[in-house]
Each structure stands twice: as structure tokens, then as C-alpha cells.
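K.L.:
Sharing a model prediction with you, sequence too.
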Amino acid sequence: AQKVTQAQTEISVVEKEDVTLDCVYETRDTTYYLFWYKQPPSGELVFLIRRNSFDEQNEISGRYSWNFQKSTSSFNFTITASQVVDSAVYFCALSDSTSGTYKYIFGTGTRLKVLA
Amino acid sequence: ETGVTQTPRHLVMGMTNKKSLKCEQHLGHNAMYWYKQSAKKPLELMFVYSLEERVENNSVPSRFSPECPNSSHLFLHLHTLQPEDSALYLCASSQEDRGIQPQHFGDGTRLSIL
């Protein structure tokens, strides 16, 4: 079964705190892709990162970092020194070919509120 | 100009009205998508078009009718909608339809059914 779980519905932090958003996925495929998107109040989902299943290296981009662990089927996202502009809904997504063609599904999202 | 443009941004319509949502992408992509985003529910994929052909229709009611006249434009024609159809409708595009490349989204159309 193909599934993405973002157990944290909403997180509130104070500015400059670090915060980690969890993403756990399920797939029977050995080749798959994981994504993170940010949805600010304006509505547009903004692509942040893509990872394929063969690349388990962690990635850092400025204050953002991602921890991909196949052993726990997790692809967690950490924001260091959070800022008010980071307030948004963050979605994790999975794409695999379990059903024969690639299917792209999203988690339910985590709403992050960064308070000044 | 932004990569994916959706119009209108907001739409209020009665259940008997007919309206259309428009999406235009300026990224040279070959695949386009319609999603429905309701409160507290996951993003629901409605339709996928690849090279102007519909490749996926996820059991969407016939009161939603998509149209893709060319690879840059995608429409969603609406008629006889129900109150539960009130949602944010998002359009996206990607280089291909196999789910390998990231999708680029528009700002969405906020639809309210009276």
C-alpha cells in the first residue's frame, strides 16, 4: 500500500527555535521518490526538495535540512532557527510505481506556526 | 511572470451555475494536474493530463469536466455543483507525468458553493 503519514497536525514554536516535521511513508516499491512542499497562506505549494530511494544522504540547504532513513521509512524535515516567514503548511509526498504506473500522493500536512 | 497561473483566485457560485476554472503554465511542461484541497483532508488528485491527453481520472463526479486544449492550458468546467465541492482547487504542472519530477503549483482558486 502507498501511504504518507504526517502525524503532527500543527506545531507552534517561538522564533529562533529549531523544529522538526515528521514524515513516515509506506511503499512496496524499491524505486520511489519523496518530496517536501511548503504552502504559505497565499495557497501555492512551493517545491522544496526531492529525494530518490537510492540516495540516503542527508541534505542541508541554508536553515533547512532533511533526514532520510530507509530503515524507519522516514523523511523528516528540520528548520533551524525558525523565522516567522516559515509559518506555513508543509506537505510530504511520495511517488512510486507500486500500482504499475507512478502514483503521487501527499500527506495531510503539518501546519507550522512560528511566533515572534 | 509566475510559472503556473490560475484564474479566478476566488469564485462564488450557486449550485445551478456553470463556470470554468483556468490554469496556464509557462514552464514548457508536458503534464498538468487538477487537485482539490478541502479543510483537514489530504490533497486529492482529480485529473492528470500528459501531452494533452487525459491519463488519470480519479473517480471524480461528472459535474467536474476537465479540458486540455494544449500543453500550456488546462480548464476545469463546473456545473451543478454541491456544497461539499467548496474547496481550494489547485493546478500543477511537471515535466513528465511519471511522478519523478516535482510539480509546480498555482495559487489556486478558492471555490465557494452557495
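P.N.:
All right, it came through fine.

K.L.:
going forward, measure contacts and count neighbours with C-alpha atoms only.
P.N.:
Will do.

K.L.:
the strands in chain B, which residues?
P.N.:
In order along the chain, chain B carries the following strands (DSSP state E): B:4-7, B:10-13, B:18-25, B:31-37, B:44-50, B:53-57, B:64-70, B:73-79, B:87-94, B:104-105, B:109-113.

K.L.:
Export these to JSON lines and append columns for mean neighbour count.
P.N.:
JSON lines is the format used below for the strands of chain B (neighbours: other Cα atoms under 10 Å in any protein chain shown):
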{"stretch": "strand B:4-7", "mean neighbour count": "20"}
{"stretch": "strand B:10-13", "mean neighbour count": "15"}
{"stretch": "strand B:18-25", "mean neighbour count": "20"}
{"stretch": "strand B:31-37", "mean neighbour count": "23"}
{"stretch": "strand B:44-50", "mean neighbour count": "21"}
{"stretch": "strand B:53-57", "mean neighbour count": "14"}
{"stretch": "strand B:64-70", "mean neighbour count": "16"}
{"stretch": "strand B:73-79", "mean neighbour count": "19"}
{"stretch": "strand B:87-94", "mean neighbour count": "26"}
{"stretch": "strand B:104-105", "mean neighbour count": "25"}
{"stretch": "strand B:109-113", "mean neighbour count": "19"}
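
K.L.:
mean pLDDT for those: which is lowest?
P.N.:
When those are compared on mean pLDDT, strand B:53-57 scores lowest, with a mean of 78.

K.L.:
which residues does residue 31 contact?
P.N.:
You didn't pick a chain, so chain A it is. By Cα atoms under 8 Å, 6 or more residues apart in numbering or on different chains, A:T31 lies in contact with A:N52, A:S53, A:F54, A:D96, A:S97.

K.L.:
Can you look at chain B instead?
P.N.:
Contacts here follow Cα under 8 Å, 6+ apart; on that basis B:A31 touches B:V48, B:Y49, B:S50, B:L51, B:E52, B:S71, B:S93, B:S94, B:Q95, B:E96, B:D97.

K.L.:
A:F75 contacts A:E59, doesn't it?
P.N.:
No: checked against Cα atoms under 8 Å, the pair A:F75 and A:E59 is beyond contact range at 11.0 Å.

K.L.:
Quickly list what's touching both of those two.
P.N.:
Shared contacts of A:F75 and A:E59 (Cα under 8 Å, 6+ apart): A:W66, A:N67.

K.L.:
show me which of the contacts of B:A31 neighbour chain A.
P.N.:
The subset of those lying close to chain A, counting by Cα under 8 Å from any Cα of the partner chain, consists of B:D97.

K.L.:
hmm, back to that, higher neighbour count, A:F75 and A:E59?
P.N.:
Between A:F75 and A:E59, counted using other Cα atoms under 10 Å in any protein chain shown, the more crowded position is A:F75 (23 against 14).

K.L.:
Read off the pLDDT value for residue 97.
P.N.:
Picking chain A for this. Taken from the predicted model, the pLDDT recorded for A:S97 is 78.

K.L.:
You answered for a different chain; I wanted chain B.
P.N.:
Among the per-residue scores, B:D97 holds a pLDDT of 80.
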